[in-house]
Structures are given as structure tokens and as C-alpha cells.
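Student: Fold the following.
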Amino acid sequence: MTEILFEADHASRSFVNGVEVRALVDACCRVGKGERIAIVGASGSGKSTLLNLMAGLDAPTSGVVSWPAIGPA
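Tutor: The predicted structure follows:
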């Protein structure tokens, strides 16, 4: 079994700037040790927001992000 490095479970991120902007909605993914991934999508689809969650630079508004191989944040 591959060691999981990052996991997003129904992660969503919203921002409020006068109105609520849903930047990422219900994202689920796992990245295992040694895996290579590509994050693709149209402009405004949440790619940068997902990367910020993966890097720990931002926190999800709902759902869970974790780094099982590293331990709790």
C-alpha cells in the first residue's frame, strides 16, 4: 500500500469580499509517496486554491485536509 502524503476530503474554500465567492467546492483527492500529479482546469476552477490548501498556506472553509505521513498540523 502506498504511503499517503496528502489527503483532501470534501474540502471547500470560500472567500467573502462583499459577496461570497466559492473558490473550491467539495474537492477530494489523495497523493501518495512517489506519485506525480497534474492539476488542470479552466481559469477560476480552484487550482491555486487547492494548491494553497495542499501547501498548508490556507485552511478549508469546510471539509478536511491532512498530511497523514507527517502527522497532525
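Student: tell me which element the closest residue to residue 67 other than its chain neighbours is part of?
Tutor: Using Cβ to Cβ, 6 or more residues apart in numbering and skipping the chain neighbours, the partner closest in space to residue 67 is residue 6 (5.6 Å). Where C-beta positions appear, they are placed from N, C-alpha and C, glycine not excepted. Assigned by DSSP states H and E, residue 6 falls within strand 4-17.
Student: Would you mind naming the residues that bridge with the residue nearest to residue 60 when sequence neighbours are not counted?
Tutor: Nearest non-adjacent residue to residue 60, counting by Cβ to Cβ, 6+ apart: residue 11, 4.3 Å away. Beta-bridge partners recorded for residue 11 (DSSP bridges): residue 27.
Student: Could you do the one 4 residues further on as well?
Tutor: Residues in a beta bridge with residue 15, per DSSP bridges, are residue 21.
Student: count of neighbours near it?
Tutor: 12 (other Cβ atoms under 10 Å).
Student: For residue 31, see how far away it is.
Tutor: Distance of residue 15 to residue 31, computed by Cβ to Cβ, to the nearest Å: 24 Å.
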